[in-house]
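Peer 1: After the sequence you'll find the predicted model.
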Amino acid sequence: MSLSVPVSFEFFPPRTEAGYEKLLEEHAALKAVNPEFFSVTYGAGGSTQERTIQTVIELNQRGVPSAPHLSCIGTTEATVIELLNRYRDAGIRRIVALRGDLPSGMGGTGGDFRYASDLVRFIRAHYSDTFQLEVAAYPEMHPQAPNFDTDIGNFITKAKAGADRAITQYFYNADAYRHFVKQVRQRGCDIDIVPGIMPITNVSSLIRFSDACGADIPRWLRKQLEACGDDSQRITAIGQEVVTILCRELLDSGAPGLHFYTLNRAEPALAILDQLS
Ligand code: FAD
């Protein structure tokens, strides 16, 4: 199975030993499609940070490069330096640089960084080109941005601070991606913008998560999925068809890669890639 563009896969750090063993199985299955890299999420201000560090360093030793997500909100420059030294010394060469969101109840921003662009600038200043830097992009606008235009301007500032590439929030409307890329290009920014792809497997959690992160599930899709009730086979079949068509449209529009939000499951992404190739 091979595509003409690179693919990458995102995991979250497992909470238990059993979850970690399962992740290794999913990692092995996904390795079979020669991904460019795996990434591992990181909770801003959360208790899972050490698990991210351990997971990403261990996965990085298993034949395919791994990249930690690194969120800067609420953290200090000294902590970031300590973490990046650890990653550099472990042979990590790619970072997904983010602002992140503090868990509710943790108060204001605090820390030495306000936006992801501050983190990108800081990493470039202290580590030059040691790390390839990926940043986040929002074709349907970041939920806290006052308007689309301002959000695009902030994205371009982040790119110019030294980002190599962007990965988008997931979406189910290819036009949103095309419009976003066009606006960014019209404003003179040419970094690659890789669409983030969320396979559809569980409707209620997808709806809950999409509401929280500002990703739109189009009415035609939401209605079809809701009509499936508890029929998980039907949900998987519809999801696979819809997301495969979305990926094909994105690739036809020139998307330079695909980044899958796997939720630590190989099969949904592999099924889509199989259909695509
Ligand atoms: P920023 O780029 O800093 O943008 C955040 C907001 O600030 C936007 O509204 C932007 O318009 C605005 N802004 C930016 N610069 C300025 C400025 N100079 N002046 C005024 N406003 C400005 N979250 C996690 O906690 N852990 C993860 O592992 C994680 N992984 C992610 C991976 C991807 C690919 C994506 C798309 C998101 C991920 N997130 C993760 C979610 C992300 O942390 C949140 O969406 C967060 O709210 C914004 O992070 P950011 O890096 O996009 O922030």
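Peer 2: Thanks, I have it.
Peer 1: Over to Ala67: give its phi and psi.
Peer 2: Taking degrees, to the nearest 10, you get phi -130, psi 130 for the backbone angles of Ala67.
Peer 1: Now the nearest residue to it once chain neighbours are set aside, what are its backbone angles?
Peer 2: Spatially, and ignoring its direct neighbours in sequence, Ala67 is nearest to Arg94 (3.8 Å; CB to CB, 6 or more residues apart in numbering). Where you see a C-beta, it was placed from the backbone N, CA and C, and this is true even at glycine. Here is the backbone geometry of Arg94 (degrees, to the nearest 10): phi -140, psi 140.
Peer 1: quick one: secondary structure of the closest residue to Arg265 other than its chain neighbours?
Peer 2: The spatially closest residue to Arg265, leaving aside those adjacent along the chain, is Glu26, at 6.1 Å (CB to CB, 6+ apart). Secondary structure assignment for Glu26 (DSSP: H, G, I helix; E, B strand; the rest coil): helix.
Peer 1: What residues does Glu26 make contact with?
Peer 2: Residues near Glu26 by CB atoms under 8 Å, 6 or more residues apart in numbering: 11, 262, 264-266.
Peer 1: Okay, and which of those map to strands?
Peer 2: Cross-referencing the contacts of Glu26 against strands under DSSP state E gives Phe11.
Peer 1: Nearest to the ligand among the contacts of Glu26?
Peer 2: In terms of CB to the nearest ligand atom, no member of those lies closer to the ligand than Phe11, at 10.2 Å.
Peer 1: Model confidence score at that closest one, please.
Peer 2: We note a pLDDT of 98 for Phe11 in this prediction.
Peer 1: Return the distance of it relative to Gly100.
Peer 2: 17 Å (CB to CB, to the nearest Å).
Peer 1: do the same with Gly19
Peer 2: Counting by CB to CB, the gap from Gly19 to Gly100 is 22 Å.
Peer 1: ok, the two, which is more surrounded?
Peer 2: Gly100 (22 against 13; other CB atoms under 10 Å).
Peer 1: Would you list the phi and psi of that one?
Peer 2: The phi/psi pair for Gly100 (degrees, to the nearest 10) is phi 80, psi 180.
Peer 1: didn't it look like it was pressed against Cys72?
Peer 2: Yes. Counting by CB atoms under 8 Å, Gly100 does reach Cys72; the two are 6.7 Å apart.
Peer 1: mind listing what the strand or helix carrying Val96 pairs with, with the direction of each?
Peer 2: Val96 belongs to strand 94-98 when elements are defined using DSSP states H and E. Counting by DSSP bridges, the strands paired with strand 94-98 are strand 66-71 (parallel), strand 132-137 (parallel).
Peer 1: That's all I had, so thanks and see you.
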